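K.L.:
any chance you could fold what I've pasted below:
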Amino acid sequence: MFYNQIAKALKIKKILISQPKPSAEKSPYFDIIEKYGVKIDFRPFIKVEPVSAKDFRQQKITILDHSAIIFTARTGIDNFFRLCQEMRITVPEDLKYFCISESVSLYLQKYIQYRKRKVFFGATGKLTELMTVMQKHKEEKFLLACTDVHNEEIIEILNDNSFDYNKGVMYRTVSNDFSQEEEFNYDMLIFFSPSGVASLMKNFPDFKQDNIKIGCFGKTTVQALEDYGLRLDLEVPQAQFSSMTTALDFYIKENHKNCKKN
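P.N.:
Okay, the predicted model is just below:
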């Protein structure tokens, strides 16, 4: 959904993406920079901190009591195996792994012999698809590897489908604070999580949006923006655009076109 595309059509020249800079040489973001002559800074508003073995034990969860584990992100994989190492747990060879997508599942190769283990993933990368796969293994006792600020949708689906599971908080999402030396003069901000929006308001409690455009990915991020009384200018995904980069490309093109008219 697009908002205020023509009204207050100030040309977008500098954008902040609240994610790490892409490691690949070829990225749609770099194409946007070259195509429109904009400056894009990659600066995460949040960072991940590991939960210590001591703090994890306080959750009263025994990893070896579970026959399957659910991963929705690579960060969960890293912290699961880190905790197992810190707690001197030998991961059973018959443990089943259920991953949100194939790309996440392939990351397991960093820790296990992938082809010799029981690894499952959803074909579309959507939670509903993963749950369909898990339905065929309802007899398992699942452990959800997650952060302290997690997507409540997966909890709702697990509960609605009566899965036997525990939630294991293995890492924390915290604000990645800005220093006084860092400039904050952007025409557009892009967020991918509610935590990122919360971090913006924590770092800049007197933030006034005015003509700054804001784009968000995901319903929960959009809701966080609305909760803080901020204006949404670009929402992804939508019928026309499934990725932030394709939507951003179109948005900037329309913005620059409108600025030429005014």
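K.L.:
buried set for the strand ranked longest in the chain?
P.N.:
When secondary structure is assigned using DSSP state E, the longest strand within the chain turns out to be strand 165-175. With burial defined by 16 or more other Cβ atoms under 10 Å, the residues of strand 165-175 counted as buried are 165, 167, 168, 169, 170, 171, 172, 173, 174, 175. Every C-beta, even on glycine, is put in place using the N, C-alpha and C of the backbone.
K.L.:
how about the fifth one, what does it touch?
P.N.:
So the one you mean is residue 170. 50, 51, 56, 76, 79, 80, 83, 145, 146, 147 (Cβ atoms under 8 Å, 6 or more residues apart in numbering).
K.L.:
now tabulate those in JSON lines and tack on neighbour count and pLDDT.
P.N.:
Putting the contacts of residue 170 into JSON lines (neighbours: other Cβ atoms under 10 Å; pLDDT from 0 to 100) gives the following:
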{"residue": "50", "neighbour count": "16", "pLDDT": "95"}
{"residue": "51", "neighbour count": "20", "pLDDT": "96"}
{"residue": "56", "neighbour count": "20", "pLDDT": "96"}
{"residue": "76", "neighbour count": "24", "pLDDT": "95"}
{"residue": "79", "neighbour count": "24", "pLDDT": "97"}
{"residue": "80", "neighbour count": "23", "pLDDT": "97"}
{"residue": "83", "neighbour count": "21", "pLDDT": "97"}
{"residue": "145", "neighbour count": "24", "pLDDT": "96"}
{"residue": "146", "neighbour count": "22", "pLDDT": "92"}
{"residue": "147", "neighbour count": "23", "pLDDT": "89"}
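K.L.:
of those residues, closest to residue 179?
P.N.:
residue 50 (23.1 Å; Cβ to Cβ).
K.L.:
if we can go back for a sec, ok, then the element right after the longest strand of the chain?
P.N.:
Proceeding C-terminally, strand 165-175 gives way to strand 188-191 as the next helix or strand, assigned by DSSP states H and E.
K.L.:
what lines up beside that following strand in the sheet?
P.N.:
The strands that strand 188-191 pairs with in its sheet are strand 14-17 (parallel), strand 213-217 (parallel) (by DSSP bridges).
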